[in-house]
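Undergrad: can you look at this prediction? I've put the sequence above it.
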Amino acid sequence: MSRWNQRKRTLALLGCAALLLCAVTVAGLLFQPLAMETDFANKQLAPGPGHWFGTDWMGRDMLARTLTGLSLSIRIGLLTAVVSALLSVLLGVTAALGRRADAVISWCIDLFLGIPHILLVMLISLAFGRGFVGVVAGVSLSHWPSLARVIRGEVLQLRQTTYVRAAERLGVPRGRIIRRHMLPHLLPQFLTGLILQFPHAILHEASVTFLGFGLSPEQPAIGVILSESMRYLTTGKWWLALFPGLSLVLVVLLFAALGEGVRRLLHPASAHQ
Amino acid sequence: MKHRLQFAGKKLLRMALLLLGVSLVAFLLMSLSPLDPLQTNMGQAALGSMSEEQIQRLEEYWGVNEPLPQRYLGWLSDALRLDFGTSLLYRQPVMEVIGQRLASSLGLMVTAWVLSGVLGVTLGLLAGATRGRLPDRLIRGYCLVISSTPAFWLALLLLMIFSVWLGWLPIGLAVPIGMEASQVTWQDLLSHAILPAVTLSITGVANIALHTREKVVDVLDSDYVLFARARGESGRAILLRHGLRNILLPAITLQFTSISEIIGGSVLVEQVFSYPGLGQAAVTAGLGSDLPLLLGITVVTAAIVFLGSLSADLLYGAVDPRIRRGVARHS
């Protein structure tokens, strides 16, 4: 390890985190049938050999349920983060290029940031009729404002650079300027923004599902598992809430580490340390 | 002074427009919902056994059939007179429901707001001053873990530890069950509010501390701090005289933007502790398709958020003389 420099170590860390997340996603898919399997002879078992995370009120294995839920969370997180990042680039670039568009989009950004985030996700999810579609729409349509604002600022700065102004004077068409001179510059911002949105997306998906505006109660999502566990907390069934929540925190931490690593690699000031 | 008033006036106008936008967006989202309020609240079986006439009356009560623009304009003209309609689930004027709920939520939110602000800035200062050493690492680790933790799970965890396992604090609600309002003492109220308030504060600290730390690190790298050090000022004096003053502006911004997050967090936390506050009412209204109540809550919380950012803008001028003069020069 000591011979490795910071860059190599960050890369190795990135690889490990990505591998772990992939493993969880695949494991969740494999365990899906087991997560729904009821076994009334073994219900409400405390964690032990055989059932590491214990079992719930229908005798379902909590480890399988947790893994399936995490896998679902990761997939929804990927989908929503990609959609919202694309949306913010589109809106951010549009805002930076025209005065009228800028006024409209900046106003929308302020508007969206004014509604408390959870409420906004709830409202959008309601508009799409709750369930899977509701939660995906809610999370992806509510995360764009902050990244859009960053991208807008970046493009405004880029427009003042000499090479873009020179290209403009030379008569290069606008679309070409955007493609050749601006988008390559925005790529690092976009990538880090994208990855840093995963944790938010996953947390919001879990929260909204927990409140009852997201995935339906039959699905083993982390939010569903935790809201079910609330009914058994007072009788001392601590494992129903502890392990699923803890593993969600770990997954989110992994994503945060991933984002931080990518940022460090892409950021020119720290890329060569 | 005149410029300041003009500035505030412009901001107020923008705020009013934004509020109008918020109400329109929230209204559209809610009325676009394919969920039938009759079915969510009565159930399919009950609807099937009702007569046509009954169903029609119910549809009228929930306002299903009116055309959209007419409904929105009707709501808006009432709302301008501060009448937000009647909550369909609670059968009380929306303003009354919001008033009661806000009164019980406000204690939680203000406590969490003040605590997370003070603790966040203190921890951020400490972490920035000891950059790279143990306290910094501990604080950064704490912030990272907390910002990756869903607020409702933290609430569940605290509930399990302090209410179920140790039995020190009550499990939920704002007052003991089955007690008359006149018998409730302030100790009861306090013991019910501790856990929700603590949860909200813990989650609020992380963001503020991390941002404050970044700013402190920036300030300590600056030339004027280097010069102060060369003059022989001690570390503490530098931190208090140069550090604290220069992080004041970003700290104000953070503190006032955190209002929105605290309101959002209170929705989750109140749900876990069954605390009868505004957040819980929002969830009930959303699940029961109570359009007037949810609309009212959205508009009121957005108004609180906008007022927060307005006060931040006004405070900048009071704190920083450069901004005061800048505003005067530009306008």
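TA: Thanks, I have it. Numbering: from 1, shown residues only, chains lettered A, B, ... in the order given.
Undergrad: what packs against the helix or strand B:Ala8 falls within?
TA: In this assignment (DSSP states H and E), B:Ala8 forms part of helix B:2-32. In terms of contacts (3 or more C-beta pairs under 8 Å, 6 or more residues apart in numbering or on different chains; DSSP states H and E), helix B:2-32 is packed against helix A:99-114, helix A:117-127, helix B:68-80, helix B:291-319, helix B:321-330. C-betas here are computed from N, CA, C, even on glycine.
Undergrad: among these, which is nearest A:Ala85?
TA: Smallest distance to A:Ala85 across the helices and strands packed on helix B:2-32 (C-beta to C-beta): 15.2 Å, for helix A:99-114.
Undergrad: who in the stretch 101-250 of chain A is up against chain B?
TA: For the stretch 101-250 of chain A, the residues found near chain B under the criterion C-beta under 8 Å from any C-beta of the partner chain are A:107-108, A:110-111, A:113-119, A:122-124, A:126-130, A:199, A:203, A:206-207, A:210-213, A:226, A:229-230, A:233-234, A:236, A:238, A:241-242, A:245, A:248-249.
Undergrad: which of those are buried? Put it as a ChimeraX command.
TA: Applying 16 or more other C-beta atoms under 10 Å in any protein chain shown to those leaves a buried subset, and the ChimeraX line that selects it is:
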select /A:108,110,111,113,114,115,116,117,118,119,122,123,124,126,127,128,130,199,203,206,207,210,211,212,213,226,229,230,233,238,241,242,245,248,249
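Undergrad: report the distance from the helix or strand harbouring A:Leu242 to the chain centre.
TA: For A:Leu242, the host element (DSSP H and E) is helix A:239-266. Distance of helix A:239-266 from its chain centroid, counting by C-alpha atoms, centre = their mean, to the nearest Å, is 10 Å.
Undergrad: okay, now the unreliable bits of chain B?
TA: Applying pLDDT under 70 to chain B picks out residues B:1, B:37-50, B:60-66, B:172-184, B:325-331.
Undergrad: spatially central residue in it, please.
TA: Compute the mean C-alpha point of chain B, and by C-alpha atoms, centre = their mean the closest residue is B:Ile263, 2.0 Å away.
Undergrad: how much space is there between that residue and B:Gly279?
TA: Distance of B:Ile263 to B:Gly279, computed by C-beta to C-beta, to the nearest Å: 7 Å.
Undergrad: and what of A:Gly15?
TA: Computed with C-beta to C-beta, the distance linking A:Gly15 and B:Gly279 is 41 Å.
Undergrad: more neighbours: the two, which one.
TA: For A:Gly15 versus B:Gly279, the count of surrounding residues by other C-beta atoms under 10 Å in any protein chain shown is larger for B:Gly279: 29 against 11.
Undergrad: okay, now the residue lying closest to the more buried one once chain neighbours are set aside: neighbour count?
TA: Nearest residue to B:Gly279 in three dimensions, chain neighbours excluded: B:Val267, at 3.4 Å (C-beta to C-beta, 6 or more residues apart in numbering or on different chains). Counted with other C-beta under 10 Å, the burial measure for B:Val267 works out to 29 neighbours.
Undergrad: could you say which helix or strand contains B:Val267?
TA: Counting by DSSP H and E, B:Val267 is found in helix B:248-272.
Undergrad: leaving out sequence neighbours, find the closest residue to the spatially most central residue of chain A.
TA: Residue closest to the average C-alpha location in chain A (C-alpha atoms, centre = their mean): A:Phe198, at 2.0 Å. Distance criterion C-beta to C-beta, 6+ apart; nearest residue to A:Phe198, sequence neighbours excluded, is A:Phe255 at 4.3 Å.
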